[in-house]
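Novice: Here is the input, now give the coordinates:
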Amino acid sequence: MRTLHVITGLGTGGAEQQLRLLLRHLPVHSDVVTLTNPGAVARGLTADGVRVTHLGMTGNRDLGALPRLTRLVREGRYDVVHTHLYRACVYGRFAARLAGVRAVVATEHSLGESQMEGRPLSAGVRALYLAGERMGRATLAVSPSVAERLARWGVPRHRVHVVPNGIDVDRFAHDPERRAATRHVLGLHRDDFVIGGVGRLVPGKRFDVVVRALAQLPDYVRLLLVGGGPEEERLRGLARELGVTRRVVFAGERPYASPSGRAGDPDLPALMSAMDLLASPSADEAFGLAVVEALAAGLPVLYVTCPAVDDLPPHLETAAVRVPGDPESFAREALRIVAARPSGRAPSPAARHYSIARSAEQHLRLYEAAMDGARSTARDPDCPIRLSETPRVRE
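Specialist: Prediction:
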């Protein structure tokens, strides 16, 4: 089986790193096309032996990208085309069909209640998304919450399959030596209580809430923000305004695995080992990958919204606590955890529910079903694919 993954960009974002992790566990030949920004994840994929092609798209309306992508799909003789993120889903689905590939699937990583990848959910965005969706055979939703949103948008329910994100649980296991080394690199004292925030520094992630909460906490409580984005300068300014500049560490974008492997170049699992608590103040999440990674690291979590936690089976308890989205609530709950100073950092059983191996198995079954369906129903693109073990959106 030959698969082509089409993604909008390959910077250090959750969807991008999820793609790299997935390809490490899929037992099929996979190539990747990035429409824009061949960043850190592109370099990581290349190091893994995956062929990455940069399409050089200059903007949303660069229509010349469509024939270039169509030609690439046709020449690659791919069995399955899998698209990721809004722009890639629009262009990738049309290109695949123009190239004669009918086994086209897409993953919806980022559909929130009010936005998708930072863009408002306007009538135009919805219409273009639905037009492209009809060119595919199935849409994978990373959570039941996203599946329900897709159905409300007008995506036929039989075409939506829930395939949650996956993580490498063992990779995030707490490591005391890595914790000490990472704290040393970042200038954090061993006795500091470190609250972590992981994600793009954009308005929707609401990390300003945690900076304001920090100002209400004792001086030995520090904030470690992992990620980059346009909000960084505003957050730095807010820290200065509140007098907590020296207590906030901006670690920048970090990959799942350090390119150098050196202790002085901490990756995301090392940074989570350095934390004592994860704060997730976003009020509009499609999945909540950072929360699941924190649970794998044995961290307590404070969150406003996280479908990955809300959709867990009832028997899987977690150290994740839902809080209102105001700074006072985060400060109050953080103080409670600071006072308790939880001991032991075993991975939460809830994290293992989202194993990357399990996710890869579900992807493979869907690819096979999409190929079978494409061969048998070439004249009927609306015919559902049959995939008994991957749940579809509830009727």
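
Novice: Pop the domain breakdown of the protein in here.
Specialist: 2-166+356-376, 169-352 (automatic domain parsing).

Novice: can you put those in JSON lines and add mean neighbour count?
Specialist: Glycine gets a C-beta too; all of them are placed from N, C-alpha and C. Shown next, in JSON lines, are the domains of the chain (neighbours: other CB atoms under 10 Å):
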{"stretch": "domain 2-166+356-376", "mean neighbour count": "20"}
{"stretch": "domain 169-352", "mean neighbour count": "19"}
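
Novice: can I get these in CSV with mean pLDDT?
Specialist: Formatted as CSV, the domains of the chain follow (pLDDT from 0 to 100):
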stretch, mean pLDDT
domain 2-166+356-376, 89
domain 169-352, 91
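
Novice: Tell me the helices and strands packed up against the lengthiest helix in the chain.
Specialist: For the chain, the longest helix by residue count, based on DSSP state H, is helix 356-376. Secondary-structure packing of helix 356-376 (3 or more CB pairs under 8 Å, 6 or more residues apart in numbering; DSSP states H and E): helix 14-25, strand 80-84, strand 104-108, strand 138-141.

Novice: Run me through the strand neighbours of the very next helix or strand once past the longest one, direction for each.
Specialist: Downstream of helix 14-25, the first helix or strand assigned by DSSP states H and E is strand 29-34. Paired neighbours of strand 29-34 in the sheet (DSSP bridges): strand 2-7 (parallel), strand 51-54 (parallel).

Novice: what sits up against the first one?
Specialist: It refers to strand 2-7. 15-16, 19, 23, 26, 28-35, 69, 72-73, 76-85, 88, 91-92, 95, 367 (CB atoms under 8 Å, 6 or more residues apart in numbering).

Novice: do the shortest one as well
Specialist: Strand 51-54 is contacted by residues 10, 31-34, 36, 38, 42, 45-46, 72 when judged by CB under 8 Å, 6+ apart.

Novice: could you redo the last one with a cut-off of 7 Å?
Specialist: Contact with strand 51-54 is made by 31-34, 38, 42, 45-46, 72, as judged by CB atoms under 7 Å, 6 or more residues apart in numbering.

Novice: out of the residues you listed, who's nearest residue 103?
Specialist: Relative to residue 103, the closest of the contacts of strand 51-54 is residue 31; by CB to CB it sits at 15.0 Å.

Novice: ok, back up a step: distance to residue 58 added to the contacts of strand 51-54, as JSON lines?
Specialist: Putting the contacts of strand 51-54 into JSON lines (distance: CB to CB, whole Å) gives the following:
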{"residue": "31", "distance to residue 58": "22"}
{"residue": "32", "distance to residue 58": "20"}
{"residue": "33", "distance to residue 58": "15"}
{"residue": "34", "distance to residue 58": "14"}
{"residue": "38", "distance to residue 58": "14"}
{"residue": "42", "distance to residue 58": "17"}
{"residue": "45", "distance to residue 58": "22"}
{"residue": "46", "distance to residue 58": "23"}
{"residue": "72", "distance to residue 58": "17"}
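
Novice: of all those, which comes closest to residue 249?
Specialist: Nearest to residue 249 among these, with distances taken as CB to CB, is residue 42, at 26.8 Å.

Novice: Which neighbouring elements make contact with the helix or strand hosting that closest one?
Specialist: Using DSSP H and E, residue 42 falls within helix 40-47. With contacts defined as 3 or more CB pairs under 7 Å, 6 or more residues apart in numbering; DSSP states H and E, helix 40-47 has these neighbours: helix 14-25, strand 51-54.

Novice: next SSE after the shortest one?
Specialist: What it means is strand 51-54. Following strand 51-54 in sequence, per DSSP H and E, is helix 65-76.

Novice: how far out from the middle of the chain is that following helix?
Specialist: Centroid separation between helix 65-76 and its chain, computed with CA atoms, centre = their mean, to the nearest Å, is 27 Å.

Novice: Tell me which residues are up against it.
Specialist: Contacts for helix 65-76 (CB under 7 Å, 6+ apart): 2, 4, 31, 33, 35, 53, 55, 57, 81, 91-92, 94-96, 98-101.

Novice: picking up where we left off before, dump the helices and strands packed on helix 40-47 to TSV, plus distance to residue 236.
Specialist: Output for those, formatted as TSV (distance: least, CB to CB, whole Å):
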stretch	distance to residue 236
helix 14-25	23
strand 51-54	32
